[in-house]
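dropping a prediction and its sequence here:
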Amino acid sequence: MKFEICGGLDAPDWLLAEIITLGNLSPFQIKELTMHILQHIVKGSFDYGSVLKLMSDSLDSSDIKSCISALHFLVTNAAKFDLDEETLSRELQQLGIPKEHTDSLCRPYKDNRNMMQERFLEQSIQLPASSIDGWQTCTGKGKSVLAHFKNNEFMKRGQDSFNGLMYLSEDKFRILLKELKMARLLMDGLV
């Protein structure tokens with residue numbers, strides 16, 4: 001089954017294995033653990049000692065780390081793929097997480113989604129605008145594409161332009177071209 005929280009792919013096996021462990025926690029523990037994870041994402045601090053105290057009666061330390069990893073994956077992917085809380089709740093229940101646990105996870109997610117997305121945007125790599133000056137097809141053992149890049153930002157500043165080369169197989173180039181065309185259509189739709 002495909003899930004939006006996994007980018008339209010199947011859920012990873014390790015996550016499915018951790019769903020059982022998450023089910024052993026109480027809804028309160030899920031909520032508190034989710035709050036700690038969200039605080040770590042937004043503010044950069046994580047109090048592992050208080051998490052251990054909160055969970056030590058129900059899980060051992062390796063299971064606690066597994067739960068942290070699973071919840072971190074769920075909330076970061078939900079923010080990454082811009083899921084609303086209803087979609088997130090539905091998909092978590094389809095994965096096998098009980099409704100009470102799902103509600104305990106979705107409330108803090110809803111409150112912190114925008115802050116997480118802003119934080120992820122701050123942490124993302126941002127490169128100056130580049131344009132593809134041209135490309136040529138090279139033949140040999142396998143067909144490949146050689147793309148020449150030219151960075152217009154450097155030229156505007158009076159600096160030497162940055163030129164780059166990228167080698168792609170024919171299949172990868174077709175995928176890149178298709179995705180760039182899709183991105184262009186999406187951008188045109190926003191304007």
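Arrived safely, thanks for sending.

isn't Leu25 up against Ala70?
No. Assessed by CB atoms under 8 Å, Leu25 is found out of contact with Ala70, at 10.7 Å. In this view, the C-beta of every residue, glycine as well, is placed from N, C-alpha and C.

find residues that contact each of the two.
Listed as contacting both Leu25 and Ala70 by CB atoms under 8 Å, 6 or more residues apart in numbering is no residue at all.

in the longest helix along the chain, what's buried?
When every helix of the chain is counted residue by residue (DSSP state H), the longest turns out to be helix 99-123. For helix 99-123, the buried set under the neighbour-count rule, 16 or more other CB atoms under 10 Å, comprises 101-106, 108-109, 112-113, 116, 119.

now for the protein, the helix or strand with the poorest mean pLDDT.
Of all helical and strand segments in the chain, the minimum by mean pLDDT, DSSP states H and E falls on helix 152-156, at a mean of 55.

Glu32: neighbouring residues, count only.
The local packing count at Glu32 equals 18, with neighbours defined by other CB atoms under 10 Å.

tell me how far the spatially closest residue to it that is not a sequence neighbour lies from Met187.
If the residues on either side of it in the chain are set aside, Glu32 comes closest to Leu54, at 5.6 Å by CB to CB, 6 or more residues apart in numbering. Per CB to CB, to the nearest Å, Leu54 is found 45 Å from Met187.

Met35 too?
36 Å.

out of the two, which sits in the more crowded spot?
Taking neighbours as other CB under 10 Å, Met35 and Met187 compare with Met35 leading, 16 against 9.

what's near enough to touch that one?
Under the contact definition (CB under 8 Å, 6+ apart), the residues listed for Met35 are Pro108.

repeat that for Pro27.
By CB under 8 Å, 6+ apart, Pro27 lies in contact with 100-101, 103-104.

one more time with 6 Å
Residues near Pro27 by CB atoms under 6 Å, 6 or more residues apart in numbering: 100-101, 104.

again with Val75
Listed by CB under 6 Å, 6+ apart, the contact partners of Val75 are Tyr109.

try it again with 8 Å
With contact taken as CB under 8 Å, 6+ apart, Val75 is in contact with 34, 37-38, 41, 105, 109, 116.

distance check, it against Ile68.
Counting by CB to CB, the gap between Val75 and Ile68 amounts to 11 Å.

anything in contact with each of these two?
When contacts are counted by CB under 8 Å, 6+ apart, Val75 and Ile68 have Ile37 as shared neighbours.
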